[in-house]
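Visitor: Whatever this is, show me its structure:
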Amino acid sequence: MSDREREHSSGRFLTGLAWATLLLGLWLWGREVTDVRHGTSAPATGDIAAVGRPPDVELPPAVQPLGQALPRRIDIPELGVQAPVVARGLDAEGGIDPPPFDQAGVVGWYADGAEPGAKGTALLVGHVDTETRPAVFYKLSTLEAGETVRVVRDDGKVAEFTVDDVTVVQRDRFDARQAYGTRRPGRAELRLITCGGAFDRAGHSYTANVIVSAYLTGTR
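Guide: From the prediction side, this is the model:
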């Protein structure tokens, strides 16, 4: 293995470990927190950029949350994403255990949190890339407010979410309560999370996280 290959391999390994830091705050505030401030959108560097929420976008009203059911697939029409969803728990460091890099097209659901479509905030995580190719959430930051994310559930229902915010959060300013808290009490909300910003070769990790926020607006 060349020095360059070793560097990339080490970087990807440590990028995976960064999920532990990303989600460690979950245990500090529980499954649902209300009255959370909206994040401030900021441009990402590298090959993705934050969209944020344009002030003139009119969004549909939220609908009543569904009952509990396991997620099976996520569809994001604007990105051409149709990916299986698998339950993930916590790793030895106390953070979420994302899908392995050899399953770059799979999305992980934090199974100790809310189910997508049920009351609370459901968390779905996916890789932005691997050592050799883009991964399932490579284009996540190109989503815009008003666009649609669908989650197929094992009760036969499809929970349809509307994106209301796309934010790039720098790792050194990460606030778990702000990122994951339910923004309006009683709603079914969704967060899609991946790495963002630049790949810091010195630190062997990405400098930020992309967080897409959405809320339930329909059911099929």
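
Visitor: So, low pLDDT: which residues of this protein?
Guide: 1-55, 91, 93-96, 174, 178, 203-204 (pLDDT under 70).

Visitor: For it, give the strand that spans the most residues.
Guide: Longest strand of the chain, by residue count under DSSP state E: strand 205-219.

Visitor: and it, how far out from the chain's middle?
Guide: 4 Å (Cα atoms, centre = their mean, to the nearest Å).

Visitor: and it, C-alpha only, in CSV?
Guide: Below are the C-alpha coordinates for strand 205-219, written out as CSV (Å, rounded to 0.1, in the frame of the first residue of the first chain):
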residue,chain,number,x,y,z
SER,A,205,-11.5,13.9,8.9
TYR,A,206,-14.1,16.2,7.4
THR,A,207,-14.4,19.6,8.9
ALA,A,208,-18.2,19.8,9.1
ASN,A,209,-21.5,17.9,8.9
VAL,A,210,-24.4,18.4,6.6
ILE,A,211,-27.8,18.2,8.3
VAL,A,212,-31.0,18.2,6.4
SER,A,213,-34.1,18.9,8.5
ALA,A,214,-37.6,17.8,7.3
TYR,A,215,-41.0,17.3,8.8
LEU,A,216,-44.0,15.0,8.0
THR,A,217,-46.4,16.5,5.5
GLY,A,218,-48.2,13.5,4.0
THR,A,219,-48.8,9.8,4.0
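
Visitor: which strands and helices sit next to it?
Guide: With contacts taken as 3 or more Cβ pairs under 8 Å, 6 or more residues apart in numbering; DSSP states H and E, strand 205-219 sits against helix 3-23, strand 158-170, strand 188-200. Heads up, the C-betas are built off the backbone N, CA and C, glycines and all.

Visitor: which strands and helices sit next to the last one?
Guide: Looking back up the chat, that one is strand 188-200. For strand 188-200, the packing partners by 3+ Cβ pairs under 8 Å, 6+ apart come out as helix 3-23, strand 120-125, strand 148-153, strand 158-170, helix 176-180, strand 205-219.

Visitor: mind redoing it with 7 Å?
Guide: The contact analysis (3 or more Cβ pairs under 7 Å, 6 or more residues apart in numbering; DSSP states H and E) places strand 188-200 against strand 120-125, strand 158-170, strand 205-219.

Visitor: buried stuff in the longest one?
Guide: Right, strand 205-219. Using 16 or more other Cβ atoms under 10 Å as the test for burial, strand 205-219 gives 205-217.

Visitor: which non-adjacent residue is nearest residue 88?
Guide: Leaving out its chain neighbours, the residue that sits closest to residue 88 by Cβ to Cβ, 6 or more residues apart in numbering is residue 108, at 4.0 Å.

Visitor: again but with residue 150, I slipped
Guide: What sits nearest to residue 150 in space, not counting adjacent residues and going by Cβ to Cβ, 6+ apart, is residue 75, at 4.3 Å.

Visitor: Is it correct that the one you found is in contact with residue 82?
Guide: Yes. Using Cβ atoms under 7 Å, residue 75 makes contact with residue 82 at a distance of 5.2 Å.
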